[in-house]
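# after the sequence you'll find the predicted model.
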Amino acid sequence: MALMNTTVFKGIADRMAKQYSYIKVCFDAVSATGNGTKYYDRVTGTEDPDVELAMLQASYNADNEFITNTPQKITRGLSSFTSLVSSFESHLQREGTLTTRTWDAYCADQDVRVSDYTNQVYYARNNAYMNARNVFCEVDTTLASVEMTGETALTFTDGDNFGDGGATTKANGSNFAGAQLEAVITGSQTIAALVVDIAGLDESGAVKTVTSVTIAGAHGAKVAIGTTTDKWVDITSVTGISGGVSADEFELHNIKERTIEF
C-alpha cells in the first residue's frame, strides 16, 4: 500500500474541516454557559448539602458531556465522523515513513497547510494543537491600516498578526502560518497610483520587505501583494513612495491559503 498523495490528503482534510465547522456550530450552541454559569456552579451556589449531595456528580457530568455532545439528531453522525478521523490518522501512522506519521509531519514533508478547523479536529482527538507553520487562519484578518495624508505622508496603524508562525510553535488560536497579503481599498475615493514599501516579519521571524508596490482601485478593490510564496505573519511599517492623495485609505489583509469545501 502507498501513502496517499497530497491531492487526496488536502481533499480529505478540507472536507473534514468544513464538516467540523458545521458541527462546531452545534457544539457552541449546546455547550453555551449563559449568564447563570454551569450546572455545577448553580448547585454549589446553593450551599445546601441535600441539593449538593444529590446533584453534584450529575451536574459535573452534564457540564462536561455538553462540551463534547450535540443535539440528538447528529449524534450518530458524530460517531461516523470520529471513525473517519481515526482511519485517517491510522493511515498516516501505518503507511507513512518515519517523517510522515503525524498530521504535522505530513504537512511539513509534503509542503501543505490545513485549515484551522482541521487543527481543531486534531486538538479534539489528541489534546494538542498542530504546528503553526502547518495551519492557515480561517479569519479575514486586518494586519495593518493606512491613511494617506499627502503624496508620500501617511498614518500607519498596526493591526492583528499571526504570532509566531514557526515550525514548532503551536497553532493555539494566536499563531498561524504566514499568509500572502492583499491591499483592500477602504476609503470612499478611488486610489489612482499609490506606490508604497511594506515591511514586516516572515514565518521564521526574519524581517521581510517588498518595495514599490502599486496600489490602485475603487472602494472594495483588492490588490494582491507579491506572490503565493510571500508569507507574512506581521506588518510593521508602510512607507509612502509616490502617487498618494490625502484621504487615500487601504488595509492589508491575509489571503487565505484556500477555501475549504464540503
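Nice, I can see it.
# from now on I want contacts and neighbour counts done on CA atoms only, so please keep to that.
OK.
# chain center to the helix or strand harbouring residue 104: distance?
For residue 104, the enclosing helix or strand under DSSP states H and E is helix 103-110. Its chain's average C-alpha position is 18 Å from that of helix 103-110, according to CA atoms, centre = their mean, to the nearest Å.
# contacts for it, please.
6, 89, 92, 99, 100, 112, 113, 114, 130, 131, 134 (CA atoms under 8 Å, 6 or more residues apart in numbering).
# adding pLDDT, write those out as CSV.
Below are those laid out as CSV (pLDDT from 0 to 100):
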residue, pLDDT
6, 89
89, 81
92, 76
99, 66
100, 68
112, 92
113, 94
114, 95
130, 94
131, 94
134, 95
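# in helices, which of those appear?
Using DSSP state H to define helices, the subset of the contacts of helix 103-110 located there is 6, 89, 92.
# of the residues you listed, closest to residue 251?
residue 6 (33.4 Å; CA to CA).
# burial count for the closest residue to the closest one other than its chain neighbours?
Spatial nearest neighbour of residue 6, excluding adjacent residues (CA to CA, 6 or more residues apart in numbering): residue 110 at 7.0 Å. A total of 13 residues lie near residue 110 under the criterion other CA atoms under 10 Å.
# from residue 5, how far out is residue 110?
Per CA to CA, to the nearest Å, residue 110 is found 9 Å from residue 5.
# dihedrals phi and psi, the nearest residue to residue 218 once chain neighbours are set aside?
Residue nearest to residue 218 in three dimensions, not counting chain neighbours: residue 190, with 4.2 Å by CA to CA, 6+ apart. Torsion angles at residue 190 (phi, psi; degrees, to the nearest 10) stand at phi -70, psi 140.
# pretty sure residue 23 sits in a helix.
Yes - assessed by DSSP: H, G, I helix; E, B strand; the rest coil, residue 23 belongs to a helix.
# distance-wise, check it relative to residue 144.
For residue 23 relative to residue 144 (CA to CA), the value is 32 Å.
# if we can go back for a sec, any chance of the ones in helices among the contacts of helix 103-110 in JSON lines with distance to residue 159 and neighbour count as columns?
Output for the ones in helices among the contacts of helix 103-110, formatted as JSON lines (distance: CA to CA, whole Å; neighbours: other CA atoms under 10 Å):
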{"residue": "6", "distance to residue 159": "34", "neighbour count": "14"}
{"residue": "89", "distance to residue 159": "36", "neighbour count": "16"}
{"residue": "92", "distance to residue 159": "38", "neighbour count": "19"}
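# turn these into CSV, columns for distance to residue 58.
Compiled in CSV, the ones in helices among the contacts of helix 103-110 are given as follows (distance: CA to CA, whole Å):
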residue, distance to residue 58
6, 46
89, 34
92, 39
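# which of those lies closest to residue 198?
residue 6 (32.9 Å).
# how close does that closest one get to residue 114?
The value you get for residue 6 to residue 114, if CA to CA is used, is 11 Å.
# same question, residue 191
For residue 191, the distance to residue 114 - CA to CA - is 35 Å.
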